[in-house]
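Student: The following comprises the amino acid sequence and a computationally predicted model.
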Amino acid sequence: MKGAMKVVEKIKKEWFSNVRGDVLAGILVALALIPEAIAFSIIAGVDPMVGLYASFCIAVIISFVGGRPGMISAATGAMALLMVPLVKEHGLNYLLAATILTGVIQILFGVCKVAKVMKFIPRAVMIGFVNALAILIFMAQVPHFIGISNMTYIFVAITLLMIYVIPRFIKSIPSPLIAIILLTTVAIFSDMDLRTVGDLGAMKQSLPPFFIPDVPFNMETLAIIFPYSLALAIVGLLETLLTASIVDNMTDTDSNKNKESRGQGIANIITGFFGGMAGCAMIGQSVINVKSGGRGRLSTFVAGMGLMFLIIALGDIVIQIPMAVLVGDYGVHWNF
């Protein structure tokens, strides 16, 4: 009886102790996740829906099985960067198979309590890891604005300027989100010569379908995807534990790092079967969530569900976001 009461109290504390703050923060994060998921899909070389489906699935699943309430997990730039060679050489189905294997490896890491070992990684190494990925992600954006049009350069410059200046006057709404909304509106009504998200792939206004990756189930396939899956599992866990530590410090609470590792694994396995790429915790979005009042699992759940609602309801607008704006966004907004 006492055990059941403890479970009920834990659920109330993690899910319903801060309903208003969690819902509002989750909605804000959902809005900011759209351009990020699209941009990370572009980096990986896959259809935008792959990143959007991943962000939806991972956020919703991790809200139930993760070890750090209030932390946002979705498709990330760090993971997307590692996927580029695999997608280029073998295609999407091998990426989905690698995503599933990534989840299996992360569950094993959690069971073996590898999170304890991660604590010994020097802070300087972690900072170098994050900044190096930031530079590589920006370089991956270069082909999307070099040699396109003069208006593309102008939009990139304006985006960078807005992202730097807006926070001095408005702190309640992320500056990249404001830049994306305003400049997309200008682009839609001015008929400018700009490449848009819609030029990169079709936007499906539907829930992700379940399917098994179309790859041969043999040792040759395993030999292809295992190196990528191992790298994705390690990088994803590093970024997740770093983010968890940041959220721990911001909220003055503790988290279960091994449970989080297992949760990330479960989320990636399920995501791979629903057409999504591997993901992990996001430093920037988690900070935005906490600063906006998000504390519980409900904020992560609302972020994921809100993202899918926006895609289904506003997909026709999302495809009109100029690529130049996303490039400018990731020139300074390193939210892995």
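Tutor: Sure thing, it's come through. Numbering: from 1, shown residues only.

Student: I'd say residue 93 and residue 213 touch.
Tutor: Yes - using C-beta atoms under 8 Å, residue 93 is in contact with residue 213, at 4.6 Å. C-beta coordinates here come from the backbone N, C-alpha and C atoms, glycine included.

Student: quick one: which of those two has more around it?
Tutor: Neighbours were tallied for residue 93 and for residue 213 using other C-beta atoms under 10 Å; the higher tally belongs to residue 213 (19 against 14).

Student: residues contacting residue 97?
Tutor: 213, 215, 221, 225, 272 (C-beta atoms under 8 Å, 6 or more residues apart in numbering).

Student: the strands in the stretch 1-150 of the chain, which residues?
Tutor: Secondary structure of the stretch 1-150 of the chain by DSSP state E, counting those that start in this stretch: the strands cover 73-75.

Student: That one: helices as residue ranges?
Tutor: Assigned by DSSP state H, counting those that start in this stretch, the stretch 1-150 of the chain shows helices spanning 2-16, 19-44, 48-65, 77-90, 92-111, 115-118, 123-141, 150-165.

Student: Mind listing residues that contact the first one?
Tutor: Translated: helix 2-16. Helix 2-16 is contacted from outside by 69, 296, 297, 298, using C-beta under 8 Å, 6+ apart.

Student: per-residue confidence averaged over it?
Tutor: Helix 2-16 shows a mean pLDDT of 79.

Student: same deal with stretch 155-167?
Tutor: Stretch 155-167 comes out at a mean pLDDT of 87.

Student: Kindly report the same for stretch 39-46.
Tutor: 85.

Student: hmm, back to that, could you save the helices of the stretch 1-150 of the chain as CSV and add columns showing distance to residue 194?
Tutor: Listed next are the helices of the stretch 1-150 of the chain as CSV, based on distance: least, C-beta to C-beta, whole Å:
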stretch, distance to residue 194
helix 2-16, 43
helix 19-44, 15
helix 48-65, 16
helix 77-90, 22
helix 92-111, 27
helix 115-118, 42
helix 123-141, 15
helix 150-165, 6
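
Student: if you compare those helices, which one is most tucked away?
Tutor: helix 48-65 (a mean of 27; mean count of other C-beta atoms under 10 Å).

Student: Going by contacts, tell me the helices and strands next to that helix.
Tutor: Counting contacts by 3 or more C-beta pairs under 8 Å, 6 or more residues apart in numbering; DSSP states H and E, helix 48-65 packs against helix 19-44, strand 73-75, helix 257-272, strand 279-281, helix 297-318.

Student: Show the contacting residues for the nearest residue to residue 287 once chain neighbours are set aside.
Tutor: In space, and not counting its chain neighbours, residue 287 is closest to residue 246: 6.8 Å by C-beta to C-beta, 6 or more residues apart in numbering. For residue 246, the contacting residues are 283, 286, 287, by C-beta under 8 Å, 6+ apart.

Student: Apart from its chain neighbours, what residue comes closest to the first one?
Tutor: Think residue 283. residue 243 (4.9 Å).

Student: what's the model's confidence in the host helix or strand of the one you found, averaged?
Tutor: Per DSSP states H and E, residue 243 falls inside helix 219-251. In this model, helix 219-251 carries a mean pLDDT of 91.

Student: still on that earlier bit, check the gap between the residue nearest to residue 283 and residue 285 for me.
Tutor: From residue 243 over to residue 285 the distance is 9 Å, taken as C-beta to C-beta, to the nearest Å.

Student: which of these two has more neighbours?
Tutor: Per other C-beta under 10 Å, whichever of residue 243 and residue 285 has more neighbours is residue 285, with 29 against 25.

Student: List the residues that contact the more buried one.
Tutor: 29, 32, 33, 36, 72, 74, 303, 335.

Student: 10 Å - rerun?
Tutor: 28-30, 32-33, 36, 55, 59, 71-74, 76, 174, 243, 294, 300, 303, 335-336 (C-beta atoms under 10 Å, 6 or more residues apart in numbering).

Student: Equivalent analysis for residue 264, please.
Tutor: Taking C-beta under 10 Å, 6+ apart as the test, what residue 264 contacts is 58, 61-62, 65-67, 73, 102-103, 106-107, 109-110, 233, 236-237, 239-241, 278-281.

Student: let's see 7 Å
Tutor: 62, 73, 106, 236, 237, 240, 280 (C-beta atoms under 7 Å, 6 or more residues apart in numbering).

Student: Closest one of these to residue 188?
Tutor: Nearest to residue 188 among these: residue 73, at 31.4 Å, using C-beta to C-beta.

Student: doesn't residue 58 make contact with the closest one?
Tutor: Yes - in this structure, residue 73 is within contact of residue 58 by C-beta atoms under 7 Å, at 5.1 Å.

Student: overlap in contacts of the two?
Tutor: With C-beta under 7 Å, 6+ apart, residue 73 and residue 58 have common neighbours 267, 279.

Student: one step back: could you report the separation of the residue nearest to residue 283 from residue 280?
Tutor: On the measure of C-beta to C-beta, residue 243 and residue 280 end up 8 Å apart.

Student: The helix holding residue 243 versus helix 257-272: what angle between them?
Tutor: Angle of helix 219-251 versus helix 257-272, following axes from the mean of the first three to the mean of the last three C-alpha atoms, to 10 degrees, is 130 degrees.

Student: Lovely, talk soon.
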